[in-house]
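Asker: pasting the structure only:
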């Protein structure tokens with residue numbers, strides 16, 4: 001698998017995206033992750049990416065996590081967060097309902113682009129059977145999941 005191989009990259013993005021969307025559709029998972037996003041500043045898709053890697057048996061290093069952060073931070077701070085903040089600002093404004101719907105679509109596109117950045121930040125190894133321990137070893141590298149109880153909850157939810 002070459003990082004430059006567009007087909008492999010696209011296949012990996014689609015596989016990851018489908019998995020992440022499937023997990024996010026679970027109301028309990030979504031609510032817990034949104035709470036951590038709000039209280040700890042968690043980038044949900046980053047946590048899901050590290051969990052997905054762990055489920056595939058790929059445990060990453062601290063330097064790989066730093067590389068991930070370097071790849072995604074400009075996009076998260078410059079695109080994802082401003083879109084989210086504007087959508088939230090329009091939440092209670094009836095006159096902005098249509099615009100808010102457009103923003104939701106843009107947010108989804110921005111998250112999909114974030115999935116590409118995540119996939120392209122690492123070499124994705126062939127899938128093996130991972131374990132909750134592999135997931136936790138990856139999630140412990142996310143500073144926003146430093147709280148062991150919060151991380152254990154995320155590990156448990158995303159290991160299912």
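Answerer: Ah, there it is. These numbers were taken from a predicted model, which means no experiment stands behind them. Residues are numbered from 1 along each chain as shown.
Asker: and the closest residue to residue 145 other than its chain neighbours, what's its pLDDT?
Answerer: Using CB to CB, 6 or more residues apart in numbering and skipping the chain neighbours, the partner closest in space to residue 145 is residue 151 (4.3 Å). (Each C-beta comes from the backbone N, C-alpha and C, glycine too.) With respect to pLDDT, residue 151 has a value of 96.
Asker: got the contact list for residue 151?
Answerer: Listed by CB atoms under 8 Å, 6 or more residues apart in numbering, the contact partners of residue 151 are 136, 139, 140, 145.
Asker: ok, residues contacting the longest helix that the chain contains?
Answerer: Secondary structure of the chain read by DSSP state H shows that its longest helix is helix 97-120. With contact meaning CB under 8 Å, 6+ apart, helix 97-120 is reached by 3, 9, 12-13, 16-17, 20, 45-46, 49, 68, 71-72, 75-76, 79-80, 83-84, 86-87, 90-91, 93.
Asker: out of these, which end up buried?
Answerer: 9, 12-13, 16-17, 20, 45-46, 49, 68, 71-72, 75-76, 79-80, 83-84, 87, 90 (16 or more other CB atoms under 10 Å).
Asker: dump the contacts of residue 151 into TSV; add neighbour count and secondary structure as well.
Answerer: Putting these into TSV (neighbours: other CB atoms under 10 Å; DSSP: H, G, I helix; E, B strand; the rest coil) gives the following:
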residue	neighbour count	secondary structure
136	22	helix
139	22	helix
140	16	coil
145	23	helix
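Asker: what helix or strand is the residue positioned nearest the centre of the chain on?
Answerer: Compute the mean C-alpha point of the chain, and by CA atoms, centre = their mean the closest residue is residue 45, 0.9 Å away. Using DSSP states H and E, the element containing residue 45 is helix 44-55.
Asker: quick one: secondary structure of residue 130?
Answerer: Three-state assignment for residue 130 (DSSP: H, G, I helix; E, B strand; the rest coil): coil.
Asker: can I get the contacts of residue 151 in CSV with distance to residue 108 and pLDDT?
Answerer: Formatted as CSV, the contacts of residue 151 follow (distance: CB to CB, whole Å; pLDDT from 0 to 100):
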residue, distance to residue 108, pLDDT
136, 29, 97
139, 24, 98
140, 29, 97
145, 24, 96
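Asker: from those residues, pick the one nearest residue 53.
Answerer: Distance to residue 53 across these (CB to CB) is lowest for residue 139, with 10.0 Å.
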